[in-house]
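**Q** output the structure for:
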Amino acid sequence: TLPSEIHALTSLVSLTVSENALTGSIPAMIGLLTRLREFDLQDNDFKGTIPSEIFQLTQLTFLDLRTNELTGVIPTEIGQLIEVETIYLRENGLTGTLPSEIGLLSVLESLDIQRNEFVGPLPTEIGQLDSLLFFECMRNNFNSTIPTEIMKLTNLVNLSFRRNRLTGTIMTEFGFLTKLTRLTFWTNNLTGPIPT
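**A** Model (predicted):
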């Protein structure tokens, strides 16, 4: 496990314990490491929910919780990470909707939430992420139309919607995303023609 006593390391700016076999829950005391800029727990066996205290780390630029066994929802406090550039949450058991507060992360460049159990619509506030380059949401259960606000993300390079339950059409406005090098829609419930 990650001991709660780690909160005593108040000068810590980077904490990486990736690719181990650590278990237990993420201690809420992590929220006391207020200088932390990089927090990497990827590829372990952490269980439980993401403690909202993590989102008190307002200096974080890199958050990697992928490939664990985390459950529950993304706390709305995620909107407090105003300096975060990278968020990796893929390959967990996270549920619920993607909170609208995600739109407050104005310098976010990479958002990877694939291989979870998210549902509902993608929030329209995602269109506020002007710096976003990579958005991976494949293998979830998003079940709305693709929000037109995504077409405002003109810096996008990689955009993947595959293996969801998205409906509606592929909009002609995708033509505005001229920097895209990879765009995937397969295995959804989209209809209509491919725009010319």
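**Q** show me the strands in the protein, by range?
**A** With DSSP state E as the criterion, the chain has strands at 14-16, 38-40, 47-48, 62-64, 69-72, 86-88, 93-94, 110-112, 119-120, 134-136, 141-142, 158-160, 182-184.
**Q** so what touches the first one?
**A** For strand 14-16, the external contacting residues (CB atoms under 8 Å, 6 or more residues apart in numbering) are 6, 33, 36-40. C-beta here means a position set from N, CA and C on the backbone, and glycine is covered the same way.
**Q** what is the nearest of those to Leu190?
**A** Using CB to CB, Asp40 comes nearest to Leu190 of the contacts of strand 14-16, at 35.3 Å.
**Q** and the closest one, what pLDDT?
**A** Here the pLDDT value assigned to Asp40 is 98.
**Q** I'd guessed it sits against Asn20; true?
**A** No: using CB atoms under 8 Å, Asp40 is not in contact with Asn20; the gap is 11.0 Å.
**Q** out of these two, which sits in the busier spot?
**A** Asp40 (18 against 12; other CB atoms under 10 Å).
**Q** picking up where we left off before, can you flag the buried ones in the contacts of strand 14-16?
**A** 33, 36-40 (16 or more other CB atoms under 10 Å).
**Q** tell me the contacts of Leu177?
**A** 151, 153-154, 156, 159, 183 are the contacts of Leu177 under CB under 8 Å, 6+ apart.
**Q** coming back round to it: dump the contacts of strand 14-16 to a markdown table, plus distance to Leu60.
**A** Shown next, in a markdown table, are the contacts of strand 14-16 (distance: CB to CB, whole Å):
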| residue | distance to Leu60 |
| --- | --- |
| Ile6 | 16 |
| Leu33 | 10 |
| Leu36 | 6 |
| Arg37 | 6 |
| Glu38 | 7 |
| Phe39 | 6 |
| Asp40 | 11 |
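**Q** one step back: redo the strands of the chain as JSON lines? Include distance to Pro27.
**A** Compiled in JSON lines, those are given as follows (distance: least, CB to CB, whole Å):
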{"stretch": "strand 14-16", "distance to Pro27": "12"}
{"stretch": "strand 38-40", "distance to Pro27": "12"}
{"stretch": "strand 47-48", "distance to Pro27": "10"}
{"stretch": "strand 62-64", "distance to Pro27": "16"}
{"stretch": "strand 69-72", "distance to Pro27": "14"}
{"stretch": "strand 86-88", "distance to Pro27": "20"}
{"stretch": "strand 93-94", "distance to Pro27": "19"}
{"stretch": "strand 110-112", "distance to Pro27": "24"}
{"stretch": "strand 119-120", "distance to Pro27": "28"}
{"stretch": "strand 134-136", "distance to Pro27": "28"}
{"stretch": "strand 141-142", "distance to Pro27": "30"}
{"stretch": "strand 158-160", "distance to Pro27": "33"}
{"stretch": "strand 182-184", "distance to Pro27": "37"}
